[in-house]
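Q: test case, fold it:
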Amino acid sequence: MEIINKLIDKSSLSALIERLNTSGKQVYAPVTKNGLCDFAKVESVQEIDFDSIATIQSAKSLVFPKVEKLLSYEKTYDDVIVKEVDLTKIPEVIAFAGRPCDAAGFIPLNAIFTSDSVDQIFKTRLDKLSIISISCKKADDFCFCTSVNGSPSNTSGSDILLTEISETTYYAEIITEKGKAILDAYADLFKDSAVVDKTPFVAKIDKQFSTEIINEKLKTLFESDIWDHQAMRCVGCGACAFVCPACGCFDIQDETKGKDGVRHRCWDSCGFKIFTMHTSGHNPREKQAQRWRQRIFHKFSYQPEQQQEFGCVGCGRCSRACPSDMNIAEHLKAIAVK
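A: Predicted coordinates for the structure are as follows:
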């Protein structure tokens with residue numbers, strides 16, 4: 001649909017949050033507790049941290065929870081009775097005040113779960129999610145969204161994008177039908193607006209490399225020694241994958257008690273040694289360098305070729321979270337000039 005341009009006063013955000021909650025939707029937004037900012041369920045605008053550059057973790061758990069039930073089952077004498085998840089009980093959720101990179105992260109994640117066979121649990125969660133993002137006024141040294149085809153005011157993935165244009169007002173871009181549904185339901189909170197040039201109101205992030213160049217370089221670097229060099233500090237903790245908005249690796253575990261059981265899906269990481277461990281004991285990625293190579297190839301070679309989406313949105317969370325101070329943007333720049 002064509003983008004609809006509106007304005008909304010900051011004073012109206014309180015009413016918007018309260019009315020969204022009253023309508024039965026669950027609102028999640030950045031909340032700071034004990035000095036740490038992360039997405040949490042909110043009831044009022046006063047709980048929201050509008051000043052954070054990025055939450056510790058992304059909003060992906062709203063559609064891809066850390067642990068979720070796929071099904072339950074009961075063993076009988078000669079059969080197994082399976083009970084599917086009731087998709088009608090998945091709530092409608094609003095992801096509010098996340099950054100454009102958070103919203104963009106749902107695009108490659110959706111490609112992972114729906115490109116071949118459609119994961120109905122994921123799809124239902126995503127269908128019931130509406131995303132109201134806020135453009136970035138500031139950035140830090142870890143941000144590199146402009147290098148992966150994003151920007152501090154990127155509309156991709158958002159249903160509504162808010163950009164602060166004064167001390168009292170946000171410029172609101174209504175981007176999708178979901179966003180229009182919110183506009184229609186709370187039209188009294190919005191005002192008409194012409195198109196606004198967002199450039200003066202958002203952070204400036206210099207482009208450091210090209211994803212297209214990275215993709216081309218990787219075609220000749222599979223056996224390069226660059227992976228040994230870059231992975232020298234990697235401890236295989238998986239923090240990068242767990243904070244990444246675009247990582248979709250998971251494991252499946254059955255939890256049984258007597259004749260009853262539950263099958264869970266839980267986050268996993270290609271950086272873990274046991275991720276590719278065969279039952280025989282053979283591991284085709286026995287070295288950490290091979291696992292680091294897989295991470296880069298998946299995001300910048302395999303996924304764009306198979307699903308037409310790069311698996312990185314430049315949020316910088318992986319570099320902020322890394323206990324060994326590995327910086328993915330620095331590594332990608334080294335690949336670009338290899």
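
Q: look at residue 132 and tell me its secondary structure.
A: When the structure is reduced to helix, strand and coil (DSSP: H, G, I helix; E, B strand; the rest coil), residue 132 reads as strand.

Q: okay, it: pLDDT?
A: As summarised for this prediction, residue 132 has a pLDDT of 98.

Q: so what's it up against?
A: If a contact means Cβ atoms under 8 Å, 6 or more residues apart in numbering, then residue 132 has 94, 95, 96, 97, 158, 159, 160, 161, 162, 179, 182 as its contacts. Any C-beta I mention is one placed from the backbone N, CA and C, and that applies to glycine too.

Q: count the neighbours of residue 73 for me.
A: 15 (other Cβ atoms under 10 Å).

Q: show me what it is bridged to.
A: Beta bridges link residue 73 to residue 82, residue 261, judged by DSSP bridges.

Q: now do it, the pLDDT please.
A: Looking at residue 73, its pLDDT is 96.

Q: now residue 279
A: Each residue has a pLDDT score; the one for residue 279 is 92.

Q: distance of it relative to residue 271?
A: Note on residue 279: its distance to residue 271, by Cβ to Cβ, to the nearest Å, is 21 Å.

Q: how about residue 317?
A: In this structure, residue 317 lies at 14 Å from residue 271, with Cβ to Cβ as the measure.

Q: try residue 104
A: In this structure, residue 104 and residue 271 are 22 Å apart, going by Cβ to Cβ.

Q: those two: who's more crowded?
A: Set side by side, residue 104 and residue 271 show unequal neighbour counts under other Cβ under 10 Å, the larger going to residue 104 at 30 against 24.

Q: tell me which of the contacts of residue 132 is nearest to residue 302?
A: Distance ranking of the contacts of residue 132 against residue 302, using Cβ to Cβ, places residue 158 first at 26.3 Å.

Q: buried set for stretch 35-45?
A: Using 16 or more other Cβ atoms under 10 Å as the burial criterion, the residues of stretch 35-45 that qualify are 37, 38, 39, 40, 42, 45.

Q: hmm, I was thinking of stretch 25-38
A: Residues of stretch 25-38 classed as buried under the neighbour-count rule (16+ other Cβ under 10 Å) are 25, 26, 27, 28, 29, 30, 31, 37, 38.

Q: these: which two are farthest apart?
A: In these, the most distant members under the criterion Cβ to Cβ are 25 and 37, with 22.0 Å between them.

Q: so how far is residue 259 from the residue of the chain positioned farthest from its centre?
A: In the chain, the residue that sits farthest from the middle, by Cα atoms, centre = their mean, is residue 77; the gap is 43.8 Å. Residue 77 sits 10 Å away from residue 259, taking Cβ to Cβ as the criterion.

Q: and residue 157, by the same measure?
A: 44 Å.

Q: got it, and residue 37?
A: When distance is defined by Cβ to Cβ, residue 37 is 44 Å away from residue 259.
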